[in-house]
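sequence and computational prediction follow.
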Amino acid sequence: MIGIGDKYKRHKVNVIDLFGAYKEKREEGIRDGIRDGVNFKYLESRINSLEKGKYTLVVAGEVSAGKSTFLNALLGTEILPVDVLQSTSAILEIFKHPKSSLKIKYASGLNETIYDDIMTLEADEVKEKLRDICSIPDQYRQIPITLLNEIIITSADEKPIVNDDLINYLEKKSGIDLKPQRDTITHYIDNHDKTNIPIEIQFGYPLRWKFDELRLVDTPGVNATGGVQDISYDYFESANAILFVHQIIPVESKSLRDFVKSVITADRSRDALFLILTHAGHHYAEVDRLLAEARRLYKDIIPAERILAVDSILKLIHDNLESGKDIEQIEAGSSSKSQLIPFVEKKASKESTDLSATFLKCSRFEELIRAIDRFSMEAPNRQLSEILDKIRSGYSQQFEQYGAKLERLNIQKRNPQEFEVEIDRIQGALKKYEHLVHTTKEEVARESSGRHSEWVSEKITSLKNKYPGLMTHSNTDEETLRKLFGDFINEVTLITTEFSKSLTLTLGSKLETTGRAFKSDHKITLPTVDLGAIEAQASQKAYKKEAIYESRTESFWENKNFLHIKKWAKIHRTHIYVTGHIDVYDEEKFLAALKDLIQKEFYKIINALPAKYNENVNLYLNIFNKEMLEEINGRKSALDEEKNKKKSNQEIINDISEINKKKDVIPDYLSKIEEMLEDLK
């Protein structure tokens, strides 16, 4: 049974529960005139995203690497076909569902949904359909199906014409002599169009894992002719983890290096990529040596702890035993399993260990699950920690303000005139703090126009020195160009994020320093605002323009994912086939045009950075000023209401009792939050 995300799911449920309790306490506090400074709308949106979010593991690798067997082993059940020559030119996404179902999206945009028919227990319609669309018919095994599908999908509505130009193009891209297969290619094109070529397959199945949000995604083999499709690229960019599957022998893999060089952007390789070496059971005595060799070979692209060796067949035998099958049944059902059973039986007998547990240990899947869970959960856990930190901040402010309110109520109980004087004193202090906040904001604005703008200029110079030469290099092909542009976009995004965070740190530090002294001098609880939420608002508004109603491509600032298929493919192969006739495909001209387009987009983004930086600073400080004024004025209004509301002595005593109760429960919530934050480290 899969264990990825089990701990995260428990924490996620607890965070959502804590948020629900905080929401009630916050609403209760507002009725008492308590303002905790948390941007509740932003926090609630993060909770909603958390509830709807998916956790995606994407599997890549060569067609012959045993991806389907590996996926079955990871799933804990044999649901994917493994005994066919696969033509997975479509993305296959597997998720937990109450009953077996299949949703197929075709290139035409049409969708087909299939469920198992409960009236035909002897047949599994979903698995049969999946097997059918994942298999290459015998007659087409000698032609590049993936490449042909891509040509059909990107062509005009007319069928591509099979002539010498097309054959030469296919041969050049596939490296296969296709002249003898001309009739077969014609037959394939005649019988396939956008209505029967699947591009995405969603497979729901009643899996046994606990983490309902988990999605496993199988992508077309990286050595499938035609390169990595744009849709696969989108999955690689958004995945929580990318598992590259490769046979343990030979250890050295050109396909992995090509994959990293031309597909995986720098931050993805650093943060999300795993190398999974399969068929370890066939080389059990050499696994440790081969694993060490792999870690030495690939240390420049993947950290050693994310390079692991497994045996999918041994894991499946363990799953078979756990489901109630005996060894004889397993051997009779699979020759590949029967080959590996004897040595594990011998090992279990020699060590006097449980047979099923020995198969699991020898499969090395437990180590794999722990590694995936540990490294790929860092970002989701960080998100939980950030939410908890905001809730903790809100509770801390509530606790402090309830304490101040109790002090005022006790003064009111003791001496009503002294109470009114105290309210006036606090109102005066808030007016002074408003002036201090304005002064601090202006100081940050001045600093940002100097030191920080120099920092941005240095970053821009670094980008200009790095990317244009690489993008225009004669050896840069289409996929490498796409990857380089992805690296560039990620660096730009990092720069925009860094200078937004620098504003938060600078402003937060100044407010803390000046606020500490002000609080000591004036003896009041200070209004606060959620700088993290302001940072997010400013970034979102600075890098998004209103739609202009004309026919054009969106800019990066409107939609940062320039690499999306509709944008990347704007000139992508559109000049291969033209309605009514066929043009000769000139790869050099195509690459030259593509490089020119990317160069223009590069400089458009680079040249916009300084203005975007200033826009971001102004937006940030204006939002900060607006929200801080709202907090200060809200505090003033609550104090006026408190001052003008006449109460009997008994009513004041009752209020003191109620406020004490509300204040006293807060430390318990803070304690729970601290425990969770510690566990998430």
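Great, that's in hand. Numbering: from 1, shown residues only.

pick out the residue nearest the middle of this protein.
Nearest to the geometric centre of the chain sits S238, at 4.4 Å (C-alpha atoms, centre = their mean).

now for that residue: which residues touch it?
By C-beta atoms under 8 Å, 6 or more residues apart in numbering, the contact set of S238 is T56. (Each C-beta comes from the backbone N, C-alpha and C, glycine too.)

and the longest helix along the chain, what does it pack against?
If you go by DSSP state H, the chain has its longest helix at helix 587-644. Contacts defined by 3 or more C-beta pairs under 8 Å, 6 or more residues apart in numbering; DSSP states H and E place helix 587-644 against helix 416-447, helix 453-472, helix 478-522, helix 531-542.

what's the closest of the ones you listed to P198?
helix 478-522 (22.5 Å; C-beta to C-beta).

so how far is the closest one from its chain's centroid?
20 Å (C-alpha atoms, centre = their mean, to the nearest Å).

pLDDT on it, on average?
Averaging pLDDT along helix 478-522 yields 86.

could you number the chain from 2 rather than 1 from now on?
Sounds good: first residue 2 from here, last item helix 479-523.

show me what it is packed up against.
Applying 3+ C-beta pairs under 8 Å, 6+ apart, one finds that helix 479-523 makes contact with helix 231-239, helix 255-263, helix 267-272, helix 417-448, helix 454-473, helix 532-543, helix 588-645.

mind putting these into a markdown table with mean pLDDT and distance to L356?
Output for the helices and strands packed on helix 479-523, formatted as a markdown table (pLDDT from 0 to 100; distance: least, C-beta to C-beta, whole Å):
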| stretch | mean pLDDT | distance to L356 |
| --- | --- | --- |
| helix 231-239 | 72 | 38 |
| helix 255-263 | 78 | 34 |
| helix 267-272 | 66 | 38 |
| helix 417-448 | 93 | 67 |
| helix 454-473 | 87 | 54 |
| helix 532-543 | 78 | 53 |
| helix 588-645 | 88 | 56 |
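
winner for burial among the helices and strands packed on helix 588-645?
helix 532-543 (a mean of 20; mean count of other C-beta atoms under 10 Å).

show me where the stretch 102-251 of the chain has helices.
126-134, 146-155, 165-175, 183-191, 231-239 (DSSP state H, counting those that start in this stretch).

what about those helices, which gets the closest to K627?
Here helix 231-239 is closest among the helices of the stretch 102-251 of the chain (C-beta to C-beta), at 33.4 Å.

so how far is E346 from F420?
Separation of F420 from E346 (C-beta to C-beta, to the nearest Å): 84 Å.

again, but for E159
Distance of E159 to E346, computed by C-beta to C-beta: 61 Å.

before we move on, back to that, tell me which of the helices and strands packed on helix 479-523 sits nearest to G67.
Smallest distance to G67 across the helices and strands packed on helix 479-523 (C-beta to C-beta): 13.8 Å, for helix 255-263.

tell me the buried residues in that closest one?
256-257, 259-261, 263 (16 or more other C-beta atoms under 10 Å).

tell me the contacts of the closest residue to I250 other than its chain neighbours?
Spatially, and ignoring its direct neighbours in sequence, I250 is nearest to H284 (6.1 Å; C-beta to C-beta, 6 or more residues apart in numbering). By C-beta under 8 Å, 6+ apart, the residues touching H284 are 249-250, 291.

which among those end up buried?
Members of the contacts of H284 classed as buried by 16+ other C-beta under 10 Å are 249, 291.

adding pLDDT and distance to G110, write the contacts of H284 out as a markdown table.
As requested, the contacts of H284 are exported to a markdown table (pLDDT from 0 to 100; distance: C-beta to C-beta, whole Å):
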| residue | pLDDT | distance to G110 |
| --- | --- | --- |
| I249 | 91 | 41 |
| I250 | 89 | 43 |
| L291 | 94 | 46 |
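
closest to D7 among the contacts of H284?
Looking across the contacts of H284 and measuring by C-beta to C-beta, the closest to D7 is I249, at 28.0 Å.

phi, psi of the closest one?
Here is the backbone geometry of I249 (degrees, to the nearest 10): phi -70, psi -20.

ok, it - contacts?
Applying C-beta under 8 Å, 6+ apart, the residues contacting I249 are 278-281, 283-284, 288, 291-292, 295, 310.

just to revisit the earlier point, what average pLDDT does the helix or strand following the longest helix of the chain get?
Counting by DSSP states H and E, the next helix or strand C-terminal to helix 588-645 is helix 650-681. Helix 650-681 comes out with an average pLDDT of 95.

now swap in stretch 180-199 and tell me
According to the model, stretch 180-199 has a mean pLDDT of 92.

buried set for that stretch?
182, 186, 189-190, 193-195, 198-199.

excluding sequence neighbours, find me the nearest residue to D125.
Counting by C-beta to C-beta, 6+ apart, the residue nearest D125 is D117, at 6.1 Å.

what do you get for F41?
The shortest distance from F41 to any non-neighbouring residue, by C-beta to C-beta, 6+ apart, is to R27 (6.6 Å).

now that neighbour: how far from I35?
8 Å.

mutual contacts of these two, please.
In contact with both R27 and I35: Q399, using C-beta under 8 Å, 6+ apart.

show me the shaky parts of the stretch 252-401 of the chain.
Along the stretch 252-401 of the chain, the parts satisfying pLDDT under 70 run over 267-271.

now do the helices in it.
According to DSSP H, counting those that start in this stretch, the helices that the stretch 252-401 of the chain contains are 255-263, 267-272, 288-298, 313-323, 328-334, 336-352, 356-364, 366-377, 379-415.
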